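Asks: here's a sequence, model it:
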Amino acid sequence: MLRRLFSILIMTLISLAATAQELNCKVNINHDKITGVDNEVFVTMQRSIIDFMNGHKWTNDDFATNEKIDVTVFINITGNKINGDPDAYTGTLSIQASRPVYSSGYTTALVNYVDRDLVFKFTQYGALSFDDNRVSGVDAMQSNLTAVLGYYAYIIIGLDYDSYALEGGTNYFKKAQNVVNNAPEQGKSISGWKAVEGTRNRYWLADQLLNTRFADMRSFWYSMHREGLDSMYTKPTESRTRILFGLKKLYNVNRENPTSMLMQFFFAAKSEEIIHLLASTPKSERGQYITLLNSMDVPNAQKYNNLK
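Replies: So this is what the prediction gives:
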């Protein structure tokens, strides 16, 4: 009898692990600049966002616990009482995501990005709800919080899938684009979703991830992770060379699409990793790669040049 109960318990635990959600998301909220609001509101906000990100089923696939994508969200609230509404806030959203590298204790960055167009409404006792085709909520401002979170959840999952299979994340980039197309509107107070607002926002990130002009970049993303980093333990020299040699493909994409958001998004996540790979390469071989990187990633040019 005890053995049977033990077997049932084991099978239950296995079943729960197999159907675990996709994200392991941690959330931090800074509200130092906000006065006149009960601190408990921000405690509830943090808990609600964690539950939303980790509790929503973003894919049709089953993720084991060790397969979850690690995500960190940092919301810096810089203002409130937007249009006189005490529950409406402005701020920035910093988001980071990583996945484990095969046969190692190392994790590799998927996303390291700051979204500076965060406007949303949050009420302490209101539930966060989300629908892919129509973002729901009391009003547009309140819907915008889950729209932004859902958008980045799909971007992160798409990049994770792209790192395991060539263009494996396409369906999730399409879902992110669908969020863009159905984004809440409220006059001109909700920004970050429209092409006309600039060249660096949610619209352009989703658009470029799906645009065939950037297909080689996605091909490099797959090669860098699956054929490079995941093989580093068994074939370190060959894997490192494969990644660095692939920078030529990335260079060609950048030459045809200068100052693109996607290229900036890529290097925000990957520059430190590439610097580490270069540092492990003989000095006599670094120059060709440094030249390519300097033309693509100007903000980090000095770091590359330090490796000469």
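
Asks: what are the boundaries of the strands in the chain?
Replies: Applying DSSP state E to the chain gives strands spanning 23-30, 69-82, 85-100, 107-121.

Asks: and of those, who's closest to residue 52?
Replies: Nearest to residue 52, of all the strands of the chain, is strand 23-30, at 8.7 Å by C-beta to C-beta. Heads up, the C-betas are built off the backbone N, CA and C, glycines and all.

Asks: hey, C-alpha coordinates of stretch 301-308 in PDB?
Replies: Below are the C-alpha coordinates for stretch 301-308, written out as PDB (Å, rounded to 0.1, in the frame of the first residue of the first chain):
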ATOM      1  CA  ALA A 301      34.100  49.800 -29.600                       C
ATOM      2  CA  GLN A 302      36.600  50.700 -26.900                       C
ATOM      3  CA  LYS A 303      36.000  47.400 -25.100                       C
ATOM      4  CA  TYR A 304      36.800  45.600 -28.300                       C
ATOM      5  CA  ASN A 305      39.800  47.700 -29.000                       C
ATOM      6  CA  ASN A 306      41.200  46.900 -25.600                       C
ATOM      7  CA  LEU A 307      41.600  43.300 -26.700                       C
ATOM      8  CA  LYS A 308      44.000  44.200 -29.600                       C
END
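
Asks: from the chain's centroid, how far away is that stretch?
Replies: 27 Å (C-alpha atoms, centre = their mean, to the nearest Å).

Asks: that one: which residues count as buried?
Replies: 303, 304 (16 or more other C-beta atoms under 10 Å).

Asks: give me the mean pLDDT for that stretch.
Replies: When pLDDT is averaged over stretch 301-308, the result is 95.

Asks: list the contacts of it.
Replies: 271, 275, 278, 279, 283, 286, 287, 290, 293, 294, 297 (C-beta atoms under 8 Å, 6 or more residues apart in numbering).

Asks: quick one: the residue nearest to the second one when sequence neighbours are not counted from residue 240, how far?
Replies: I take that to be residue 275. Setting aside the residues directly before and after it, residue 275 is nearest to residue 303 in space (C-beta to C-beta, 6 or more residues apart in numbering), at 5.6 Å. Taking C-beta to C-beta, to the nearest Å as the measure, residue 303 falls 18 Å from residue 240.
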